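Visitor: Compute the structure for the input listed below.
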Amino acid sequence: MERVSGKPAFGKRLFGHQRSPSMEFKELTQKDAQLSLSIELDKLLKTMPEGHKQVVEQNFTGFKKLFGKFVNETGPSVHWDRIEKLPQDAILPYASLPTPADKEAIRSMLDHLVVIKLNGGLGTSMGCSGPKSVIPVRNDLT
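Guide: Sure, this is the predicted structure:
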């Protein structure tokens, strides 16, 4: 067996297994992530009522394309130099928020709610001095 620096060379067999370079491993991992996502979304799609399946399937197809683009991207996923600190008045005390009395208004607001979970110290490293839930996601629309 051909050896490089005392180790088996890439592409050569070692105990019945073929070694592969890290780029090949990365590509396989990316494909596996995309396949796993596709399988899970297909499972979810099977639970949808018939009247909603077509719209949800289109949404899932778009999400799969975006996920594929993200997974295969070679540059940084976050441009940290573009992240800005929140203005001082961005965080309001909960007690100062108005409470809508109309249940339809509440339902409408909840229909537009998005929850993003940031684990670890991401809020602090992004310059957020309060709850991570106030980090703007897109063009100050969130």
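Visitor: For I91, give its distance to S108.
Guide: 24 Å (C-beta to C-beta, to the nearest Å). The C-beta positions use only the backbone N, C-alpha and C, and glycine is treated the same way.
Visitor: go on, S22?
Guide: Counting by C-beta to C-beta, the gap from S22 to S108 is 49 Å.
Visitor: more neighbours, those two?
Guide: S108 (11 against 8; other C-beta atoms under 10 Å).
Visitor: quick one: that one and T74, what's the gap?
Guide: In terms of C-beta to C-beta, S108 sits 41 Å off from T74.
Visitor: Repeat that for Q58.
Guide: 28 Å.
Visitor: The longest helix along the chain: which residues count as buried?
Guide: Scanning the chain for the helix with the most residues, using DSSP state H, yields helix 22-46. Using 16 or more other C-beta atoms under 10 Å as the test for burial, helix 22-46 gives 37, 41.
Visitor: Report the mean confidence score over that helix.
Guide: Across helix 22-46, the average pLDDT comes to 87.
Visitor: residues making contact with whichever helix or strand comes after it?
Guide: Beyond helix 22-46 on the C-terminal side, the first helix or strand identified by DSSP states H and E is helix 50-72. Outside of helix 50-72, the residues within contact range by C-beta atoms under 8 Å, 6 or more residues apart in numbering are 30, 33-34, 37-38, 41, 44-45, 48, 77.
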